[in-house]
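Peer 1: Turn this into a model:
(chains A and B)
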Number of protein chains: 2
Amino acid sequence: MAFPPEAITARLAEYAVTTNPANWPDSVRREALRSFFNVVGCMIGGARHGMVDIADKTLGAFAGAPQATLFGCGRKSDVLHASLINGLASSIYSFDDTHEVAVVHPSGPIAAAVLALAESRPVSGEDLLTAFALGVEMTCRLCLGTTVPPADGSFAWSGTGITMSFGAAAAAGRMLRLDTQRMRVAMGLALSEASGFRAMHGTATVAFMPAHGGQMGLRAALLAERGFTAGLNGLEGKSGYLSVFCTKPDIDALAGGLGERFELLRNTYKAYPCGIVIQPIIDACLKLRQDHRPDPDKIAGVAIQASPGAMALCNNRDPKDEMQAHVSLHHWTAVAFIRGTARIVDMDTETAVKDPALMAFQRKVEATLDPTLAGDQTEVTITMTDGTRHVCRIEHAIGSKLNPMSDADLERKFTGLAEPVVGAPRTRELIDRTWGVGSLADAGELARAAA
Amino acid sequence: MAFPPEAITARLAEYAVTTNPANWPDSVRREALRSFFNVVGCMIGGARHGMVDIADKTLGAFAGAPQATLFGCGRKSDVLHASLINGLASSIYSFDDTHEVAVVHPSGPIAAAVLALAESRPVSGEDLLTAFALGVEMTCRLCLGTTVPPADGSFAWSGTGITMSFGAAAAAGRMLRLDTQRMRVAMGLALSEASGFRAMHGTATVAFMPAHGGQMGLRAALLAERGFTAGLNGLEGKSGYLSVFCTKPDIDALAGGLGERFELLRNTYKAYPCGIVIQPIIDACLKLRQDHRPDPDKIAGVAIQASPGAMALCNNRDPKDEMQAHVSLHHWTAVAFIRGTARIVDMDTETAVKDPALMAFQRKVEATLDPTLAGDQTEVTITMTDGTRHVCRIEHAIGSKLNPMSDADLERKFTGLAEPVVGAPRTRELIDRTWGVGSLADAGELARAAA
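Peer 2: The predicted structure follows:
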């Protein structure tokens, strides 16, 4: 590594404060915009989810002056509340994005934080995108540098949970134009609130953890701006983040090649509203359905060769509610074969999870661990009642880095998310405005348009 | 242990929901009141600290309708903001309380949470005290059961930080009369936000971490009340709290003997506004000064035999600001010999930390590790310029369990904290009201009196 460990926080803070996006490759600015576009759609699409509504109503009772837009809601709230609620909406359907290697979904809470802040501290769309890209970069690097599974025990931590406050602090701190010293304070305070573990899997708290991290990162930057104090070496300091969250930090992944290597370029966008490791399975099932048009009643069994991640997180034959259905590979397999779709409405508790046809089909699905499979791979075999077998192998799921979502794919995804919430005309307008955010003189315009 | 590990969260939640304080020993109710009394004084005494002011002003800009009193401020704010700010005030001077064995300062953020809640959901003083006692009990048990140093690496975590949200969720959940299922949700959500590590030592974030935990526990209980979902086995569930925060949980300490053994009874109250491990050193220095009246200029050296905790946390000869002075044993040794006191004003940045006499004296203080010493023990030797030596050994610092603060001591402490903030007549009134909180029909009265 190119610099001593004791300078890690300072180095990252200095980069966050001083990096000039004019020096970034065009590809970085483009991927930042795609990440941002993708997650704004998710934010609007999740706005009316029941759990988002509970959080908004419960905590909105304590919210302050309406400065920041609650996306898709037609209302404003205070900046910190909007950051939390929009962040929650962005990931409530697990439909957001995923870094190709780190187990982290970086964009939603970062976007929520900078968008909320933009409505109280006017900023250009370009500066907003810079802050967003920086936050995503910091979150991905922190996750890569500290919690890449299967490092010792690290899988129990929620990678997205424990890295989000740091990225959000960097993003908000950049927008607030903190100096390096105050950026270090913001980072230290945010890191001291890093939290989240996987025992919350299959509940709304999975989406709450990163939303919370985003809100806390924003709060930390605001406090640092005003002179609150925190340890300046939050990452590498004695008894700091690195010492508690990992046994062997990868310092180069965390803080090497800043401004040269961009983890943001390895961000990917989900094609289906479910756990990332289920995506190849849905691909395979939809392909088998398209190619062979099997009558679901005549499918005797579905054998799924599943990656370690899919087995660890999504091997649940009997989801009890929507949040569990999100992350049940059995559920999505049944949906794919019976409905030929994999949409948000396909996991609604009232209809999908109680659908007898789905429940019956789930019993025919058997997942087996194949430790050689990557998270974007699977092999699915269906056996018909007459003994016929069909096999589909997916090497790279749609949306993975080697089979990426095109801009047109992202637009279709945005449309599917936003139309049920804000209607078709407004969706079209929002698509254009979001693609064009970089040229807005006041980024708050976008947020206001998304009300 | 009396029950299987898989039932720990459920067992604690059931206890929190159903325990009847009429069945608690009188000693528990009495110590709960003493803990509460002590920390209300701390809350008022810290209300005008510069860092509390920064946090209040910065985050107050986003606060909602004024329902809950900011202690010692003459203003109200929303319930969640008041919980944070009062919790921060309670521990900003490190003057609060400490469980005899666990490294945790349990009362401030719990008291802040239930007091804030009491102003929006009227509750009797007795019920408030019950909720408070329960929260303190849960926090102490969680800390004891998981992070008792010197367990592997656990010293890097802030015991108070990572256990506070759990206790606050239990306390607030009790006040909200959650059922066991929702109490488990509150606990799970709160645990998922558990955070804090010691790299923040010597900064305002040390006090912010537990205040944050208290606020998050309260928020979790409010969300659980409205039906938000979280993992029900937050403690023992796969990839849950116990798996990430400790290598060998002590299940009996955590969840054994509920309703029979009360950790609250082992709470102690600080006699001086500084790190708990400095307290015996101040005792010794003040005793030496009283017994021998040494001229500070004629003291050639002060040799301090220090406990492992004092060496690890407080061996700082050259504190740069007030937050560092809090936890510098050199600073307090100098103050004790030069001023014969150990008060809040003795660590004010503008005066104390820049006092040339203190700075010169600090250079004469040398601390040496004595691994056989407990946290409430020390031996201090002064050597005069003429070669005379005086030794003082402290077996149990004032305020430790075997040398406890009397009720009268606690009143003097309360007076010293509150008078500079709210004046003498109001302080007297508050002392009476706080001792009498258990008989208030509406606990909110106390909070309003403390404005």
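Peer 1: Enumerate every residue touching the residue nearest in space to the middle of chain A.
Peer 2: Closest to where the C-alpha atoms of chain A average out (C-alpha atoms, centre = their mean) is A:His105, at 2.9 Å. Counting by C-beta atoms under 8 Å, 6 or more residues apart in numbering or on different chains, A:His105 makes contact with A:91, A:94, A:96-99, A:160, A:210, A:276. For every residue, glycine as well, the C-beta is placed using N, CA and C.
Peer 1: change it to 7 Å
Peer 2: Neighbouring residues of A:His105 by C-beta atoms under 7 Å, 6 or more residues apart in numbering or on different chains: A:91, A:96-98, A:160, A:210.
Peer 1: cool, A:Arg75 as well?
Peer 2: Neighbours of A:Arg75 in contact, by C-beta under 7 Å, 6+ apart: none.
Peer 1: Mind pulling up the pLDDT for it?
Peer 2: We have a pLDDT of 93 for A:Arg75.
Peer 1: any chance of the contacts of A:His105 in TSV, with distance to chain B too?
Peer 2: As requested, the contacts of A:His105 are arranged in TSV below (distance: C-beta to the nearest C-beta, whole Å):
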residue	distance to chain B
A:Ser91	14
A:Asp96	19
A:Asp97	22
A:Thr98	19
A:Thr160	12
A:Pro210	11
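Peer 1: quick one: low-confidence ranges for the stretch 151-300 of chain A?
Peer 2: When residues are selected by pLDDT under 70, those of the stretch 151-300 of chain A lie in A:151-154.
Peer 1: Which residues of it lie near chain B?
Peer 2: Within reach of chain B by C-beta under 7 Å from any C-beta of the partner chain, the stretch 151-300 of chain A has these residues: A:156-157, A:188-189, A:192-201, A:203-205, A:208-209, A:212, A:219, A:222-223, A:226-231, A:233-234, A:237-241, A:243-244.
Peer 1: In contact with the residue nearest to A:Val327 when sequence neighbours are not counted, which residues?
Peer 2: Setting aside the residues directly before and after it, A:Val327 is nearest to A:Gly275 in space (C-beta to C-beta, 6 or more residues apart in numbering or on different chains), at 4.4 Å. Contact analysis of A:Gly275 by C-beta under 7 Å, 6+ apart lists A:94, A:313-314, A:326-327.
Peer 1: which one of these sits closest to chain B?
Peer 2: Set against chain B, the nearest of the contacts of A:Gly275 by C-beta to the nearest C-beta is A:Leu313 (9.9 Å).
Peer 1: my guess is that closest one contacts A:His201, does it?
Peer 2: Yes: contact criterion C-beta atoms under 7 Å: A:Leu313 and A:His201 qualify, at 6.5 Å.
Peer 1: shared neighbours, those two?
Peer 2: A:Val327.
Peer 1: What is the neighbour count of A:Lys248?
Peer 2: 10 (other C-beta atoms under 10 Å in any protein chain shown).
Peer 1: tell me the SS of it?
Peer 2: coil (DSSP: H, G, I helix; E, B strand; the rest coil).
Peer 1: ok, now how distant is A:Leu286 from chain B?
Peer 2: According to C-beta to the nearest C-beta, to the nearest Å, A:Leu286 and chain B sit 29 Å apart.
Peer 1: secondary structure element for whichever residue of the stretch 251-400 of chain A sits closest to chain B?
Peer 2: Proximity of the stretch 251-400 of chain A to chain B (C-beta to the nearest C-beta) peaks at A:Met323, 6.1 Å away. Using DSSP states H and E, A:Met323 falls within helix A:322-326.
Peer 1: Same question for A:Gln305.
Peer 2: Judged by DSSP H and E, A:Gln305 forms part of strand A:299-306.
Peer 1: Just list what that strand packs against, helices and strands only.
Peer 2: Packing partners of strand A:299-306 (3 or more C-beta pairs under 7 Å, 6 or more residues apart in numbering or on different chains; DSSP states H and E): helix A:329-339, strand A:365-369, strand A:378-384.
Peer 1: from the chain's centre, how far out does the helix or strand following the last one sit?
Peer 2: Just to be clear, that refers to strand A:378-384. Using DSSP H and E, the helix or strand that directly follows strand A:378-384 along the chain is strand A:389-394. Centroid separation for strand A:389-394 versus its chain: 29 Å, with C-alpha atoms, centre = their mean, to the nearest Å.
Peer 1: quick one: buried residues of strand A:389-394?
Peer 2: A:390, A:392, A:394 (16 or more other C-beta atoms under 10 Å in any protein chain shown).
Peer 1: Same check on stretch A:318-326?
Peer 2: Neighbour count says stretch A:318-326 has A:319, A:321-326 buried, by 16+ other C-beta under 10 Å.
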